[in-house]
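Asker: the sequence and its predicted three-dimensional model are supplied below.
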Amino acid sequence: MEEENKPIEEVQEQEKTENEGIQISNDVIAVIAGVAVSEVQGVSSMAGGFAGGISEVLSGKKNLAKGIKVEKEASMVKIDVNIIVEYGTRIPDIAFEIQNRVKTSVETMTGLTVEEVNVHVQGVNTEVIKQEEVEETPNQVENEEGNE
(Lines give C-alpha, C1' and ligand atoms only; values in the text may rest on other atoms or scores of the structure.)
Protein backbone atom coordinates (compact mmCIF):
# COMPACT_ATOMS: atom_id res chain seq x y z
CA MET A 1 0.00 0.00 0.00
CA GLU A 2 2.81 2.39 0.78
CA GLU A 3 4.26 1.83 -2.69
CA GLU A 4 0.96 2.96 -4.34
CA ASN A 5 0.92 6.27 -2.43
CA LYS A 6 4.51 7.10 -3.21
CA PRO A 7 4.03 8.11 -6.87
CA ILE A 8 1.19 10.49 -5.96
CA GLU A 9 3.36 12.21 -3.35
CA GLU A 10 6.19 12.53 -5.87
CA VAL A 11 3.84 14.13 -8.41
CA GLN A 12 2.63 16.61 -5.79
CA GLU A 13 6.23 17.50 -4.92
CA GLN A 14 7.01 18.10 -8.60
CA GLU A 15 4.00 20.44 -8.97
CA LYS A 16 5.05 22.45 -5.92
CA THR A 17 8.61 22.94 -7.15
CA GLU A 18 7.49 23.85 -10.68
CA ASN A 19 5.07 26.57 -9.48
CA GLU A 20 7.51 28.05 -6.98
CA GLY A 21 9.80 29.26 -9.77
CA ILE A 22 7.14 31.45 -11.41
CA GLN A 23 7.43 35.14 -10.60
CA ILE A 24 4.59 37.47 -11.57
CA SER A 25 5.55 41.12 -11.93
CA ASN A 26 3.73 43.80 -9.95
CA ASP A 27 3.09 45.59 -13.26
CA VAL A 28 1.21 42.56 -14.58
CA ILE A 29 -0.95 42.44 -11.45
CA ALA A 30 -1.60 46.19 -11.80
CA VAL A 31 -2.74 45.79 -15.42
CA ILE A 32 -5.08 42.92 -14.47
CA ALA A 33 -6.55 45.09 -11.69
CA GLY A 34 -6.80 48.07 -14.06
CA VAL A 35 -8.81 46.11 -16.60
CA ALA A 36 -11.14 44.90 -13.84
CA VAL A 37 -11.65 48.46 -12.56
CA SER A 38 -12.31 49.85 -16.04
CA GLU A 39 -15.28 47.45 -16.38
CA VAL A 40 -17.08 48.94 -13.34
CA GLN A 41 -19.80 51.45 -14.21
CA GLY A 42 -19.53 54.75 -12.35
CA VAL A 43 -15.74 54.96 -12.57
CA SER A 44 -14.92 58.05 -14.61
CA SER A 45 -11.17 57.45 -14.78
CA MET A 46 -8.14 56.29 -12.87
CA ALA A 47 -6.31 58.89 -10.79
CA GLY A 48 -2.63 58.61 -11.55
CA GLY A 49 0.26 60.88 -10.84
CA PHE A 50 1.81 63.53 -13.04
CA ALA A 51 4.40 61.10 -14.46
CA GLY A 52 1.69 58.62 -15.49
CA GLY A 53 -0.16 61.31 -17.44
CA ILE A 54 2.97 62.38 -19.31
CA SER A 55 3.94 58.83 -20.25
CA GLU A 56 0.40 58.24 -21.52
CA VAL A 57 0.57 61.34 -23.75
CA LEU A 58 4.04 60.54 -25.09
CA SER A 59 3.37 56.88 -25.84
CA GLY A 60 -0.14 57.44 -27.19
CA LYS A 61 -1.30 54.31 -25.37
CA LYS A 62 -3.72 54.07 -22.49
CA ASN A 63 -1.90 53.05 -19.32
CA LEU A 64 -4.04 50.30 -17.75
CA ALA A 65 -1.92 50.28 -14.58
CA LYS A 66 -2.45 54.02 -13.98
CA GLY A 67 -3.58 54.75 -10.42
CA ILE A 68 -2.88 51.24 -9.12
CA LYS A 69 -0.24 50.34 -6.55
CA VAL A 70 0.65 46.70 -5.87
CA GLU A 71 2.54 45.30 -2.88
CA LYS A 72 3.45 41.63 -3.05
CA GLU A 73 4.84 39.48 -0.25
CA ALA A 74 5.28 35.79 -1.12
CA SER A 75 1.85 34.70 -2.38
CA MET A 76 -0.09 37.54 -0.68
CA VAL A 77 -1.00 40.72 -2.58
CA LYS A 78 -2.23 44.14 -1.40
CA ILE A 79 -3.68 46.45 -4.05
CA ASP A 80 -4.46 50.17 -3.79
CA VAL A 81 -6.77 51.62 -6.45
CA ASN A 82 -7.10 55.40 -6.99
CA ILE A 83 -10.20 56.42 -8.94
CA ILE A 84 -12.32 59.38 -9.98
CA VAL A 85 -16.05 58.62 -9.83
CA GLU A 86 -18.86 59.99 -11.98
CA TYR A 87 -21.19 62.49 -10.36
CA GLY A 88 -24.39 60.95 -8.99
CA THR A 89 -23.09 57.42 -8.39
CA ARG A 90 -23.06 55.71 -5.00
CA ILE A 91 -19.44 55.52 -3.89
CA PRO A 92 -19.87 52.56 -1.47
CA ASP A 93 -21.47 50.48 -4.23
CA ILE A 94 -18.70 51.30 -6.70
CA ALA A 95 -15.98 50.56 -4.12
CA PHE A 96 -17.55 47.20 -3.24
CA GLU A 97 -17.85 46.25 -6.92
CA ILE A 98 -14.21 47.23 -7.57
CA GLN A 99 -13.02 45.18 -4.59
CA ASN A 100 -14.90 42.09 -5.77
CA ARG A 101 -13.84 42.34 -9.42
CA VAL A 102 -10.18 43.05 -8.68
CA LYS A 103 -9.94 40.24 -6.12
CA THR A 104 -11.62 37.72 -8.42
CA SER A 105 -9.60 38.72 -11.51
CA VAL A 106 -6.19 38.72 -9.84
CA GLU A 107 -6.77 35.47 -7.93
CA THR A 108 -8.14 33.70 -11.02
CA MET A 109 -5.41 34.81 -13.42
CA THR A 110 -2.36 34.64 -11.15
CA GLY A 111 -3.20 32.12 -8.43
CA LEU A 112 -2.01 34.61 -5.81
CA THR A 113 -4.11 35.42 -2.73
CA VAL A 114 -5.43 38.97 -2.61
CA GLU A 115 -5.30 40.08 1.02
CA GLU A 116 -6.53 43.68 0.55
CA VAL A 117 -8.07 45.86 -2.12
CA ASN A 118 -8.14 49.47 -0.93
CA VAL A 119 -10.20 51.91 -3.01
CA HIS A 120 -9.23 55.58 -2.74
CA VAL A 121 -11.66 58.08 -4.31
CA GLN A 122 -9.54 61.01 -5.49
CA GLY A 123 -12.32 63.10 -7.00
CA VAL A 124 -15.73 63.39 -8.65
CA ASN A 125 -16.14 64.08 -12.36
CA THR A 126 -18.87 66.70 -12.87
CA GLU A 127 -18.25 67.30 -16.57
CA VAL A 128 -21.18 65.05 -17.50
CA ILE A 129 -23.62 67.61 -16.07
CA LYS A 130 -21.97 70.46 -17.96
CA GLN A 131 -22.21 68.53 -21.25
CA GLU A 132 -25.93 67.83 -20.68
CA GLU A 133 -26.56 71.55 -20.10
CA VAL A 134 -24.72 72.41 -23.33
CA GLU A 135 -26.75 69.81 -25.24
CA GLU A 136 -30.05 71.23 -23.91
CA THR A 137 -29.23 74.81 -24.91
CA PRO A 138 -29.14 74.29 -28.73
CA ASN A 139 -32.48 72.44 -28.60
CA GLN A 140 -34.09 75.32 -26.73
CA VAL A 141 -32.74 77.82 -29.30
CA GLU A 142 -34.13 75.72 -32.20
CA ASN A 143 -37.55 75.52 -30.52
CA GLU A 144 -37.66 79.28 -29.99
CA GLU A 145 -36.70 79.93 -33.63
CA GLY A 146 -39.43 77.59 -34.82
CA ASN A 147 -42.08 79.40 -32.76
CA GLU A 148 -41.29 82.84 -34.27
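Answerer: Perfect, thanks for sending it.
Asker: secondary structure class for Ile84?
Answerer: strand (DSSP: H, G, I helix; E, B strand; the rest coil).
Asker: likewise Leu64?
Answerer: Leu64 ends up coil, using three-state DSSP.
Asker: contacting residues for it?
Answerer: Ala30, Val31, Gly34, Val35, Ser38 (Cβ atoms under 8 Å, 6 or more residues apart in numbering). Just so you know, the C-beta spots here come from the backbone N, C-alpha and C atoms, and that holds for glycine as well.
Asker: let's go with 10 Å and repeat that
Answerer: Asp27, Ala30, Val31, Ile32, Ala33, Gly34, Val35, Ala36, Val37, Ser38, Met46 (Cβ atoms under 10 Å, 6 or more residues apart in numbering).
Asker: now, the most widely separated pair of those residues?
Answerer: Across those, no pair lies farther apart than Asp27 and Ser38, at 16.2 Å, counting by Cβ to Cβ.
Asker: re earlier: so which of the contacts of Leu64 belong to helices?
Answerer: Among the contacts of Leu64, the residues falling in helices (DSSP state H) are Asp27, Ala30, Val31, Ile32, Ala33, Gly34, Val35, Ala36, Val37, Ser38.
Asker: relative to Gly21, how far out is the closest residue in space to the second one that isn't next to it in sequence?
Answerer: Pointing back at Ala30 there. In this structure, Ala30 finds its nearest non-sequential neighbour in Ala65, 3.7 Å apart by Cβ to Cβ, 6 or more residues apart in numbering. Distance of Ala65 to Gly21, given as Cβ to Cβ, to the nearest Å: 24 Å.
Asker: neighbour count winner among those two?
Answerer: Between Ala65 and Gly21, counted using other Cβ atoms under 10 Å, the more crowded position is Ala65 (20 against 6).
Asker: okay, the more buried one and Val106: tell me how far apart.
Answerer: 13 Å.
Asker: tally of neighbours for Ala47?
Answerer: 17.
Asker: swap that for Thr104, sorry
Answerer: 12.
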